[in-house]
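S.K.: build me a model:
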Amino acid sequence: MGVRWRCCRQAFEELPGIHRHVALQHAGDIGRQAGLTTDAGQQAGLPAKQAAAEASPPSGPLPVGDAGGLNGRSSCSTPEITCMLPDTSRVSYDDLTSKMGEVLLYYCYCEVKDPEKLCAWQKALCQHLHLTGKVRVASEGINGTVGGSKVATSLYIEVMLSQPLFKDILCQEDFKSSAGGAHCFPDLRVGVFKEIVPMGIDPKIVSYKETGIHLSPQEFHREVEQYLSQASQGQSDTILLDCRNFYESKIGHFQGCLAPDIRKFSYFPSYVDENLELFKDKRVLMYCTGGIRCERGSAYLRSKAVCREVYQLKGGIHKYLEEFPDGFYRGKLFVFDDRYAICSNEDIISACRYCGTLWDQYKLCSSQHCRQLVLTCPSCRNKGLTACCPVCQEKELKVTSRASGQTLKEECECTRRRPRVPIERVLLRMLDAGKD
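M.R.: Model (predicted):
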């Protein structure tokens, strides 16, 4: 029969679970307690090893209801961060781990004095709720996308909103949700980084505090409607700018947008620098998936002091599609998990890499040396056309036909032919507002 122990508003039945919880949540408390007892023992004349041994916790579990003086919460040296975990004792394991769930997308820019502590709490919280996904923590805030059961994601949101660090900054509507679950990610990755979105510019140089003007989905919709009307008459002084990567805008974008042919967001600053003349005296409407890239991207664009005005879509495409599923955004919305895309309308605006038939479902290139995404329809896949380009396709055939252990030099026609930072010489590269 399993032992029973309560701590941090959780019930534990087995010793491994107790040990894991103590290691994750109370290692610091045990270390401090051991240090105090060792000092007292040495003052009493005991050898250091003996004093330390007497300070060790008992091998068995503590009695039910006794958390060893920890009062159900691990102590945190930083008052802005509380390391609380939600009570799941009344939730069944099946409900907590159900595959019928959702994926959350959120971010919060705020000053974090102890990113490591916030990171440790996030990891413990996600593990406690059986969530998978990716969470980036930095001194400038937090950015996460996590998947799990609806019970788990609801508890996650509840705890995040009660975290004093995010008080009056993060709110319920900042969490974007879509159908999915823990199966949408291979694992859980939580880490501390310099930026919560990798733009490659020091946050102290270009701060999220210098962002553009936020527009609600309704306001943005009206602005795009006006822009398209003026653009169709050749009178627009506005640029509708997609801040995402080329493979994202390829399967879905706003009508009439300018979608930079860049592979990474870290190339965006260079793209702006190389195309400053394009933005001179323009009104810029920016958008991205959930809004976070626009926070830093708009701040960088504003720092160049060439635009007349810079606006951004609050909540990104995610929030826009909640209110305007058949609005001016056409095609799929690319997401960074195993789903690759979610849809709100029936439009398909991209084509198969090989035969040209309408297709918008990405797969990874079949070459083990390549991580490119490829659009290849079922018919072409059945013919063995599963690589992103002829170079990778030939390489894959060679790899499968020759002895294992031989490494080929990585090269890809897709990456070789694409400029790292494209230069927009004329505005004709923008999609024709009346045709797309």
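S.K.: what is the burial count for the nearest residue to Asp187 once chain neighbours are set aside?
M.R.: Take Asp187 and drop its neighbours on the chain: the residue closest to it by CB to CB, 6 or more residues apart in numbering is Thr132, 6.0 Å away. To be clear about C-beta, it is placed using only N, CA and C from the backbone, and glycine gets the same treatment. Close neighbours of Thr132, defined as other CB atoms under 10 Å, add up to 22.
S.K.: repeat for the one 10 residues further on
M.R.: The local packing of Ile142 (other CB under 10 Å) involves 25 other residues.
S.K.: quick check: it touching Glu111?
M.R.: No - taking contacts as CB atoms under 8 Å, Ile142 lies outside contact range of Glu111: 11.5 Å.
S.K.: can you pull out the helices in the stretch 301-436 of the chain?
M.R.: Ranges of helices within the stretch 301-436 of the chain are 316-323, 378-382, 390-401, 413-417, based on DSSP state H, counting those that start in this stretch.
S.K.: now mean neighbour count too, for those helices, in CSV please.
M.R.: Converted to CSV, those look like this (neighbours: other CB atoms under 10 Å):
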stretch, mean neighbour count
helix 316-323, 21
helix 378-382, 14
helix 390-401, 16
helix 413-417, 14
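S.K.: of all the ones you listed, which one is nearest Cys307?
M.R.: helix 316-323 (19.9 Å; CB to CB).
S.K.: which strands and helices sit next to the closest one?
M.R.: Contact here means 3 or more CB pairs under 8 Å, 6 or more residues apart in numbering; DSSP states H and E; on that basis helix 316-323 packs against strand 176-180, helix 217-231, strand 283-287, strand 329-331, strand 333-334.
S.K.: right, and those - which one's nearest Arg416?
M.R.: Among these, strand 333-334 comes nearest to Arg416, with 23.0 Å by CB to CB.
S.K.: the closest one packs against which elements?
M.R.: helix 316-323, strand 341-342.
S.K.: possible to save the helices and strands packed on helix 316-323 as TSV with distance to Met100, mean pLDDT and mean neighbour count?
M.R.: Compiled in TSV, the helices and strands packed on helix 316-323 are given as follows (distance: least, CB to CB, whole Å; pLDDT from 0 to 100; neighbours: other CB atoms under 10 Å):
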stretch	distance to Met100	mean pLDDT	mean neighbour count
strand 176-180	9	96	19
helix 217-231	27	96	17
strand 283-287	30	98	23
strand 329-331	26	96	21
strand 333-334	21	97	22
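S.K.: please convert these to CSV, extending it with distance to Lys194.
M.R.: As requested, the helices and strands packed on helix 316-323 are exported to CSV (distance: least, CB to CB, whole Å):
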stretch, distance to Lys194
strand 176-180, 24
helix 217-231, 30
strand 283-287, 23
strand 329-331, 32
strand 333-334, 25
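S.K.: looking at those, spot the one closest to Asp261.
M.R.: strand 333-334 (15.0 Å).
S.K.: what's the closest one in contact with?
M.R.: By CB atoms under 8 Å, 6 or more residues apart in numbering, the surrounding residues in contact with strand 333-334 are 244, 247-248, 251-252, 289, 317-318, 321, 340-344, 362.
S.K.: what is the nearest of those to Tyr106?
M.R.: Of these, the one sitting nearest to Tyr106 (CB to CB) turns out to be His318, at 10.0 Å.
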